[in-house]
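# turn this into a structure:
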Amino acid sequence: MSAQLDKDQFTGLILLTGLDSPGITATLFETLAPFSLTVVDIEQVVIRERLILTLLITCDPAHAKAIDSDLVALATQLDVDIATSFSSTPIASIAAKTGLLHVVVLSPKLEPGSIAKVAQNINALQGNIEAITRTASYPVTAIEFLISGADEKSLRNSLARVALETGLDIAVQQGGLMRHARKLVLLDVDSTLIQQEVIELLAAKAGVGDEVIAITQSAMRGELDFEQSLIARVSLLADLPETVIAQVQQEILLTPGARTLIRTLQRLGHTVCVVSGGFHNVIDPLMRELNISHYRANTLEIVDGKLTGKVLGPIIDRAAKAQALRDFAQLENINIEQTIAIGDGANDLDMIAAAGLGIAFNAKPAVKAAADSSVSAPYLDSVLYLLGIAREEVEEADSRP
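Numbering: from 1, shown residues only. Next comes the predicted model:
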């Protein structure tokens with residue numbers, strides 16, 4: 001090649017692969033140090049003890065042959081493979097690109113065909129995959145794609161269809177600093193934060209479990225107005241002794257990963273809030289235990305040590321849940337675009353729609369269809385990966401005093 005070529009327009013791509021061992025990266029850069037070159041981009045990953053390192057440089061074209069020769073010798077010395085490619089065509093660094101999108105894919109069993117469909121849909125929208133990283137392997141596998149050149153709305157709609165076809169959980173989010181801004185996460189309680197429906201636990205004590213479950217299921221499918229259904233269900237609890245509330249509190253089981261989700265978000269500086277169509281009488285001690293200060297729920301009326309079958313005050317319905325999201329965000333001075341709402345039933349639809357990111361957790365089909373993303377695995381901490389928080393960051397947060 002012509003020695004007249006501007007060295008800033010002459011690029012070299014170096015690919016090193018082999019079994020990982022201490023000192024490989026340092027030795028590579030020590031070998032390159034004597035040359036007049038600039039490091040433009042670098043990526044390194046270790047998978048099952050195998051190192052893959054790519055390096056993009058600009059250099060004087062007159063040095064290309066010598067660089068290549070020294071790297072051949074280095075490959076022998078380190079017992080690795082090193083490939084080089086020099087070109088007079090400048091290669092843009094990923095750092096120069098804007099409008100990047102993050103596509104997070106969750107699955108308990110990630111199959112090649114599913115990844116192929118994700119990649120095909122990205123390609124069909126003229127998107128380019130700039131990078132792929134694994135952010136978690138437990139309790140689900142989480143893979144994050146960094147995408148350039150694609151329209152966010154079109155990509156989200158396209159990948160929503162892929163999610164339905166493959167069973168993957170997929171989230172599409174904008175990149176940039178705002179992705180890491182302080183968030184407010186609002187959780188539903190029944191069948192989201194906890195595994196049960198509180199009113200069904202109370203109904204079992206009253207011997208009206210079947211009747212209440214039938215009304216609950218119809219309401220969660222959106223077939224009944226929530227307020228009317230709640231009034232009907234609570235009326236069946238009339239004359240139940242107040243002492244059963246303490247019994248029910250002992251029976252509540254948190255959803256797997258709930259403590260990890262809340263603890264991690266709080267330690268990273270985010271705010272976790274709760275809104276429930278259930279009852280203060282039951283969940284107040286749990287809120288204190290989880291260090292959640294912003295929460296709303298209904299209140300069962302109790303007179304002379306017995307439930308009256310009535311609810312005190314305004315009922316927490318769909319609209320009230322969305323209002324709670326807005327109120328909590330205002331209290332915490334967090335923009336509504338930086339809020340996340342997580343729920344499973346029709347009563348959660350308004351808050352899911354109002355939030356910057358609405359997540360359907362093991363939800364009914366209508367809720368999945370309305371949400372920005374969904375989590376189908378029974379682990380609430382999987383939500384962390386949709387927010388771009390890697391498993392390593394979760395474990396690091398846990399190690400803090």
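# tell me the helix or strand right after the helix or strand harbouring Gly277.
Following DSSP states H and E, one finds Gly277 within strand 271-279. Going down the chain from strand 271-279, the next helix or strand is helix 280-289, by DSSP H and E.
# how far away is Glu332 from His280?
21 Å (C-beta to C-beta, to the nearest Å). (C-beta placed from N, C-alpha, C; glycine too.)
# ok so, going back, next, the angle helix 280-289 makes with the strand holding Gly277.
160 degrees (axes from the mean of the first three to the mean of the last three C-alpha atoms, to 10 degrees).
# what mean pLDDT does strand 271-279 get?
For strand 271-279, mean pLDDT rounds to 97.
# what does stretch 57-69 give?
Throughout stretch 57-69, pLDDT has a mean value of 92.
# which parts of that stretch are buried?
Using 16 or more other C-beta atoms under 10 Å as the test for burial, stretch 57-69 gives 57-61, 63-64, 67-68.
# narrow those to those in strands?
Taking DSSP state E, the ones among the buried residues of stretch 57-69 that sit in strands are 57-59.
# tell me the one among the residues you listed nearest to Phe361.
Ile57 (46.1 Å; C-beta to C-beta).
# ok, that closest one touching Thr38?
Yes. Counting by C-beta atoms under 8 Å, Ile57 does reach Thr38; the two are 6.4 Å apart.
# domains of this structure?
Following automatic domain parsing, one gets these domains for the chain: 7-94, 99-180, 184-370.
# where does Leu230 land in three-state SS?
helix (DSSP: H, G, I helix; E, B strand; the rest coil).
# show me which residues of stretch 71-86 are buried.
For stretch 71-86, the neighbour count (16+ other C-beta under 10 Å) marks 71, 74-75, 78, 80, 82, 84, 86 as buried.
# give me the subset of those lying in helices.
Within the buried residues of stretch 71-86, residues falling in helices by DSSP state H are 71, 74-75, 78.
# tell me which helix or strand Val311 sits in.
Secondary structure (DSSP H and E) places Val311 in strand 306-312.
# swap in Leu51?
Using DSSP H and E, Leu51 sits in strand 50-59.
# now swap in Glu144 and tell me
Going by DSSP H and E, Glu144 is in strand 141-148.
# cool, and Arg233?
Using DSSP H and E, Arg233 falls in helix 226-235.
# list the contacts of that helix.
Where contact means C-beta atoms under 8 Å, 6 or more residues apart in numbering, the residues beyond helix 226-235 that reach it are 199, 203, 212, 215-216, 218-219, 277, 298, 300, 307, 309-311, 315, 317-318, 346-347.
# now list the buried members of those residues.
Buried by 16+ other C-beta under 10 Å: 199, 203, 212, 215-216, 219, 277, 298, 300, 307, 309, 311, 315, 317-318, 346-347, out of these.
# counting only helices, which of these make the cut?
Per DSSP H, the buried ones among the contacts of helix 226-235 map to helices at 199, 203, 212, 215-216, 219, 318.
# in the strand holding Leu51, what's buried?
Neighbour counts using 16+ other C-beta under 10 Å place 51, 53, 55-59 of strand 50-59 among the buried residues.
# tell me what that strand is packed against?
strand 11-19, helix 24-32, strand 37-47 (3 or more C-beta pairs under 8 Å, 6 or more residues apart in numbering; DSSP states H and E).
# could I get the ones you listed as a markdown table with mean neighbour count?
Formatted as a markdown table, those follow (neighbours: other C-beta atoms under 10 Å):
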| stretch | mean neighbour count |
| --- | --- |
| strand 11-19 | 18 |
| helix 24-32 | 15 |
| strand 37-47 | 14 |
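# weakest of the ones you listed by average pLDDT?
Among those, strand 37-47 scores lowest, at a mean of 89.
# that one - which strands sit beside it in the sheet, and in what orientation?
Applying DSSP bridges, strand 37-47 is found paired with strand 50-59 (antiparallel).
# dump the C-alpha coordinates for the strand it pairs with into CSV.
Output in CSV follows, covering the C-alpha atoms of strand 50-59 (Å, rounded to 0.1, in the frame of the first residue of the first chain):
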residue,chain,number,x,y,z
ARG,A,50,-11.5,-19.3,26.3
LEU,A,51,-10.4,-15.8,25.6
ILE,A,52,-11.7,-13.7,22.7
LEU,A,53,-10.1,-10.3,22.3
THR,A,54,-10.7,-7.9,19.4
LEU,A,55,-8.7,-4.7,19.0
LEU,A,56,-9.2,-1.9,16.5
ILE,A,57,-6.3,0.4,15.8
THR,A,58,-5.2,3.2,13.5
CYS,A,59,-1.5,3.1,12.5
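# hmm, who's touching that strand?
Here strand 50-59 has contacts from 7-20, 24-25, 28, 32, 35-46, 67, 80, 86, 90-91, 93, using C-beta under 8 Å, 6+ apart.
# what does stretch 332-340 give?
With C-beta under 8 Å, 6+ apart, stretch 332-340 has contacts from 178, 181-186, 271, 294, 325-326, 329, 354-359, 383, 387.
# could you measure from the residue nearest to Leu201 when sequence neighbours are not counted over to Ala206?
Using C-beta to C-beta, 6 or more residues apart in numbering and skipping residues adjacent in sequence, the residue nearest Leu201 is Val248, 4.6 Å away. According to C-beta to C-beta, Val248 and Ala206 sit 11 Å apart.
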